[in-house]
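*Asks:* Sequence isn't available, so here's the structure alone:
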């Protein structure tokens, strides 16, 4: 069997002679002696293909997938059903080998599904224009804030603590580098504190960012919060939304939202250990030329046939770097296609059905888990498919007990919100059955 590096000794000598060296060590003359490794790398000896497959399988078998476990964990990534047609289509070679349409004239298939994705996102959000796309929901929040700052030429961003903690961390990281100010507005009874927000908004505010449903699963009053945000001069109101919830909620565009962003993972994209995911962004027309990434438009070719072009493509490979709005747009590949297939496959009625099932099953689970009084609601507010419960038992102890019964428990809120000690956030998707929910309730009741 060959070692990991396939070059033979004669191969190495031939390479060295070609470049005019006598030994491999001469390749590293520029590295100081005290920084060089003077012993063999700690690699195992070469193995046969059978041995390697057996070893890798033993490592893979240490993982537990959601084929074997029942998942009630959400907090930004959700165990939704993915129709088999999605994998069947995105696995076609013309899709999984395509990357980016630098030459639209020979990439009509790619630019067409990007156009369809943009159209679907606009229909879902009620906005005028959408791009394709962003890396994930967190970077979408950040990009929306930067776009609002660029549009208004102001440097203050107000963000609700009900926005995903991960998204807020991404926002603060980029804001620091851009010398922008991020101000957080608190939570009151599970929703954004509107009174505090009103005191914070000023003519220096470029953007106000909220999430709906927020990180606790609670529904925010977008219309009222938007009215508060717009009291600032040229202040943009940004909503980070659940695409699944939009199956039954009003469109953000009808509620005074200027920029809509969100995480597209629920739209046919697997959990995959946290990524790659899909951020989406849709806005009013006035922001169009500041949108990061690309916007595909529809036109006709010389023969009058329907075709597609990159209408706007303001990124650093195409124009001067200092004029680029962003370099984030690579997810317009397989993830955008998967989301497009998902939305087209389900259609308007299918999306409404999935959202309805999520809401109904979540409320059934909420009632089952709270009826004994052992677990109490953290907030008394309307929610979509996630809800937080508190008890006298630590989340670690609860989740260990659930894991022993092959159940993935909820998210420990005290990790990011210390004031909510012994509070767990549970998510219930359309995949969860009545029997699974009742088993969850039974295990929780049995914890001493």
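*Replies:* Yep, it's here. As the structure is a computational prediction, the values presented were derived from the model and not from experiment.

*Asks:* mind listing the helices in the stretch 51-200 of the chain by residue range?
*Replies:* Along the stretch 51-200 of the chain, counting by DSSP state H, counting those that start in this stretch, helices occupy 84-90, 93-96, 108-125, 137-152, 165-177, 194-200.

*Asks:* For the first one, which helices and strands make contact with it?
*Replies:* Think helix 84-90. Using 3 or more C-beta pairs under 8 Å, 6 or more residues apart in numbering; DSSP states H and E, the elements in contact with helix 84-90 are helix 334-370. Every C-beta, even on glycine, is put in place using the N, C-alpha and C of the backbone.

*Asks:* strands paired with the helix or strand that the helix it packs on is followed by, and their directions?
*Replies:* Using DSSP states H and E, the next helix or strand after helix 334-370 towards the C-terminus is strand 376-377. When pairing is defined by DSSP bridges, strand 376-377 lines up against strand 386-390 (antiparallel).

*Asks:* pLDDT weak spots in the protein?
*Replies:* 1-4, 99, 313-332 (pLDDT under 70).

*Asks:* Outline the domain layout of it.
*Replies:* Domain ranges of the chain: 9-54, 70-80+349-446, 84-342, per automatic domain parsing.

*Asks:* Pick the most buried one from those domains.
*Replies:* Of all these, domain 84-342 carries the top mean neighbour count, a mean of 20, counting by mean count of other C-beta atoms under 10 Å.

*Asks:* So residue 68 versus residue 407, what's the distance?
*Replies:* Counting by C-beta to C-beta, to the nearest Å, the gap from residue 68 to residue 407 is 11 Å.

*Asks:* With distance to residue 269 added, can I get the helices of the stretch 51-200 of the chain in a markdown table?
*Replies:* What follows is those, written out as a markdown table (distance: least, C-beta to C-beta, whole Å):
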| stretch | distance to residue 269 |
| --- | --- |
| helix 84-90 | 9 |
| helix 93-96 | 14 |
| helix 108-125 | 13 |
| helix 137-152 | 12 |
| helix 165-177 | 17 |
| helix 194-200 | 32 |
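
*Asks:* Tell me which of those lies nearest to residue 72.
*Replies:* Between residue 72 and those, the shortest separation by C-beta to C-beta is 19.3 Å, and it involves helix 165-177.

*Asks:* Let me know the angle separating the closest one from helix 137-152.
*Replies:* 40 degrees (axes from the mean of the first three to the mean of the last three C-alpha atoms, to 10 degrees).

*Asks:* Now do helix 165-177: distance to the chain's middle.
*Replies:* Per C-alpha atoms, centre = their mean, to the nearest Å, the displacement of helix 165-177 from the mean C-alpha position of its chain is 15 Å.

*Asks:* which residues are contacting it?
*Replies:* Contacts with helix 165-177, where a contact means C-beta atoms under 8 Å, 6 or more residues apart in numbering, come from 76, 137-139, 141-142, 145-146, 157, 159, 161, 180-182, 184, 209, 211, 215, 240, 416.

*Asks:* Could you report the separation of residue 440 from residue 37?
*Replies:* 52 Å.

*Asks:* and what of residue 303?
*Replies:* Distance, residue 303 to residue 37, using C-beta to C-beta: 63 Å.

*Asks:* Same check on residue 359?
*Replies:* Distance of residue 359 to residue 37, given as C-beta to C-beta: 58 Å.
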